[in-house]
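[1] Provided below for reference: sequence and predicted model.
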Amino acid sequence: MDSFPITGLRGGPPSRKALEGMDTRCKRMPENEEPCHRLYQQLIFLHDFVLPLKAEDPSKRQYIDVIVRLIKIMRRTPLLLRLANSEALMQNLKVLQLQLDQVQKDIGQGTPDMTLREEQWDNDRAQQYQKLQERVPKASDRMLVNEVRGDRKLQEALMTLFDGVKWDGQSPEMVTLKQETFDRVSRYAQLTGLQMFAWFIPIDNVEYEDEVIGERGTFGDVCRGTWMTKGKRLNVVVKRLFPELSANSDQDFLRQLELWSSIPEDRHILKLFGGSHVSSPQFYVCEDAHNGSLDEFLEGNSEFFWQMFLDVAEGIKVLHSRNIFHGGLKCSNILVGADYTAKLTDFGFSSVRSLSAGLSEQSAKAAGQSIRWKPKEVLEEVGDEEPQYASDIYSLGMCMIEALSREPPFGMNDEPDVMEFIMQGKMPDKPEDVSGDTWDLITRISCTNPKKRLSLDEVLMEFGARAAEERKLHPVPRPVMLEPVLYLNGNIHSRQK
C-alpha cells in the first residue's frame, strides 16, 4: 500500500492521486506559483515518511490538512479576486509552510532554516506584486468583470478588493494597484456607490469544517472554523445560511449584521467579528464559545444553573436596552464562553427565520420545532406588529425547562399538539427533581398573559438572589481572561493578557 486516504477531500482520494495534479494546479496562479510549487515539492519529499504513520498521528493529520487546504487555495479563481485576496493568500501559504516544516521536524527529517524561509517569503511577496502588476493593468475592464460572472459575485469581489486595501504590511505599490483597480472596475460596472461595511469578511479568509455543531437551526447551521486576520488565524464559530435561503435574504441578513455590529462589546453577547451578506452561502463569524451550548454545559455543571441564567437575563437586558427583540431564544442560541459566561447569539433574526418557512424540509422542520419556545401572543401575531419584549421573558422560562428536563419544552409531543397546548395556555410538565419554589418562579416567568408575566427587572432580582446563594457554595470558575486562540505553526496557542 503506497497511499493513504485524504479524508478532507471529496471521496477521500488516495494521497498519491491527490498529489498528482498539484504541480499543474500551481500554474493557475502565476503570481503565487513559486510558494505553491515549493509546498508541493516538500509534500512529495515527506510523503513516504508520513505513509507508515497511524491515521490518528498528529503529523499525518497535519500533512493531510496541508494537502486539503493547498488544493482549495489553488482552485481556479478570477484575476480580480486573486488581486483582492493577494495578502490573505500569501499569509495562508505562509501558515501552510510553517505547518509542513513542523511535520518535517516532528518526523525527524530536519528543521528548515528560518532565515532562508524569511528570505523566500520576501521574494514571494515581491514576485506576487510584480506578476499582478504585469497582468491586472493590461486586463480590460470587461474581462475583469466578465470573469467574475454575475452581478452578485461582482459586488462580492469589489467588497473583497476594498477590504484587501486595508491589510497591514502591504507595499504602497500593492495598495495603489488595488485602489486603482477598484476604482476603474466600479466605474465600468456602474457600482461607484457600492456601500462598504467595516464588518465585512471575505469568504476566502474563512475556513470551516464540514461537521455541524449541534442541531440545524431555522435558517442555517453552525460549524467551527478559522478566520485569517492580521496575519494570524483565529479559531472561530461560523454560521452559514442554508443555500436555498441565501438568494432571498440579502437585505434582511444585511440588516441583522448591521444590528449586531452596532451593539457595544458586552460579555453577555457573543462577539461578532463580521460576515458577508453577498457570499454564497451568506455567513457570519463569531468568537469561539469553548464550552458549547447552555444545555450541554449545564448537563455536566448543574451547580451553576442560577449563575448561568443570571447571565442570560443580563444579556436580554443588553438587547432590550437597545430596543432589540431576540425572538429566537432557546438553549442552542445561548453559548458558554471560555470565561464561563453565558452569551446570547442569533438575536433579531426573525425576518430571516420567516424566509426559511417552506424553503427546505430541514429549515421547515427546525422552524416548526421553534414554536416550543414561543408564547401564545407571538404565535397569534398577524402582519408586521411591534415585537413584544415580554415574549423573550416567556422564552427564557422555556429555556429553563429545557435545561432542567434535558429535552425541548413539551418533550416528545409533536408540533401540532404543542401548538394546541400553547394556544390553550398550558405549560410543559414539571421536570422531575425541580423544587416547588423553582417551578413557581418558572410559571410566573412563563405566564400565558404577558401583562401578568414577570418583568425583566423582576427576573433579574429573582435570579440575582438565587445566584448569590449558589455562588457561596459553587462559584463559577471565572478564569484569567485569555486572548483569542491563535492557529500558529499548525498548533493551538493562547496567551494570558
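    It's in. Keep in mind the model is a prediction, meaning the values are calculated, not measured. Numbering: from 1, shown residues only.
[2] switch to C-alpha atoms for all contacts and neighbour counts from now on
    Will do.
[3] burial of the residue nearest to I334 when sequence neighbours are not counted, as a residue count?
    Nearest non-adjacent residue to I334, counting by C-alpha to C-alpha, 6 or more residues apart in numbering: L344, 4.8 Å away. Each residue near L344 was counted by other C-alpha atoms under 10 Å, and the total is 29.
[4] with L46 instead?
    The tally of other residues near L46 (other C-alpha under 10 Å) stands at 16.
[5] equivalent analysis for H268, please.
    25.
[6] can I assume it is in contact with D339?
    No. Using C-alpha atoms under 8 Å, H268 is not in contact with D339; the gap is 10.6 Å.
[7] on that earlier part again, what distance do you get for the residue nearest to I334 to V378?
    Distance, L344 to V378, using C-alpha to C-alpha, to the nearest Å: 20 Å.
[8] how about C447?
    C447 is 13 Å from V378, by C-alpha to C-alpha.
[9] which one of the two has more residues nearby?
    It is C447, of C447 and V378, that has more neighbours when counted by other C-alpha under 10 Å, with 21 against 14.
[10] just checking, that one touches Y394?
    Yes. With contact defined as C-alpha under 8 Å, C447 reaches Y394; the gap is 7.1 Å.
[11] anything in contact with each of the two?
    Shared contacts of C447 and Y394 (C-alpha atoms under 8 Å, 6 or more residues apart in numbering): R453.
[12] returning to what we had before: wait, isn't the residue nearest to I334 in contact with A313?
    No. Counting by C-alpha under 8 Å, L344 stays clear of A313, with 9.6 Å between them.
[13] how much space is there between L404 and G397?
    Noted for L404: a distance of 11 Å to G397, by C-alpha to C-alpha.
[14] which of those two has more neighbours?
    G397 (25 against 20).
[15] and the next helix or strand past whatever helix or strand the more buried one lives in?
    Using DSSP states H and E, G397 sits within helix 390-405. Scanning forward in sequence from helix 390-405 by DSSP H and E, the next helix or strand is helix 415-423.
[16] and the helices in the stretch 51-200 of the chain, which stretches?
    58-73, 79-84, 86-106, 114-135, 141-148, 151-165, 172-188 (DSSP state H, counting those that start in this stretch).
[17] let me fix that: the stretch 351-497 of the chain
    Using DSSP H, counting those that start in this stretch, the helices of the stretch 351-497 of the chain run over 361-369, 376-379, 390-405, 415-423, 436-445, 456-473.
[18] give me whichever of those helices is most buried.
    Mean neighbours per residue, mean count of other C-alpha atoms under 10 Å, is largest over the helices of the stretch 351-497 of the chain for helix 390-405, with a mean of 24.
[19] elements contacting that one?
    Under the contact definition 3 or more C-alpha pairs under 8 Å, 6 or more residues apart in numbering; DSSP states H and E, helix 390-405 sits against helix 294-300, helix 305-321, helix 436-445.
[20] 6 Å - rerun?
    helix 436-445 (3 or more C-alpha pairs under 6 Å, 6 or more residues apart in numbering; DSSP states H and E).
[21] so for the helix it packs on, mean pLDDT?
    The pLDDT scores in helix 436-445 average 97.
[22] what sits up against that helix?
    With contact meaning C-alpha atoms under 6 Å, 6 or more residues apart in numbering, helix 436-445 is reached by 394, 397, 453-454.
[23] mind doing that once more with 8 Å?
    The contact list for helix 436-445 (C-alpha under 8 Å, 6+ apart) reads 393-394, 396-397, 400-401, 427, 430, 452-454, 459.
[24] point out where the stretch 351-497 of the chain drops to low pLDDT.
    By pLDDT under 70, the weakly predicted segments of the stretch 351-497 of the chain are 351-368, 381-387, 479-497.
[25] so how far is the helix holding G397 from its chain's centroid?
    Its chain's average C-alpha position is 25 Å from that of helix 390-405, according to C-alpha atoms, centre = their mean, to the nearest Å.
[26] output that helix as PDB, restricted to C-alpha atoms.
    Taking Å, rounded to 0.1, in the frame of the first residue of the first chain, the C-alpha atoms of helix 390-405 are listed here in PDB:
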ATOM      1  CA  ALA A 390     -42.300  40.200  27.200                       C
ATOM      2  CA  SER A 391     -42.200  37.200  24.900                       C
ATOM      3  CA  ASP A 392     -38.400  37.000  25.400                       C
ATOM      4  CA  ILE A 393     -39.200  36.500  29.100                       C
ATOM      5  CA  TYR A 394     -41.600  33.600  28.300                       C
ATOM      6  CA  SER A 395     -38.900  32.000  26.100                       C
ATOM      7  CA  LEU A 396     -36.400  32.400  28.900                       C
ATOM      8  CA  GLY A 397     -38.700  30.300  31.100                       C
ATOM      9  CA  MET A 398     -38.900  27.600  28.300                       C
ATOM     10  CA  CYS A 399     -35.100  27.600  28.300                       C
ATOM     11  CA  MET A 400     -35.000  26.900  32.000                       C
ATOM     12  CA  ILE A 401     -37.400  24.000  31.400                       C
ATOM     13  CA  GLU A 402     -35.200  22.800  28.500                       C
ATOM     14  CA  ALA A 403     -32.100  22.900  30.700                       C
ATOM     15  CA  LEU A 404     -33.800  21.200  33.700                       C
ATOM     16  CA  SER A 405     -35.500  18.400  31.700                       C
END
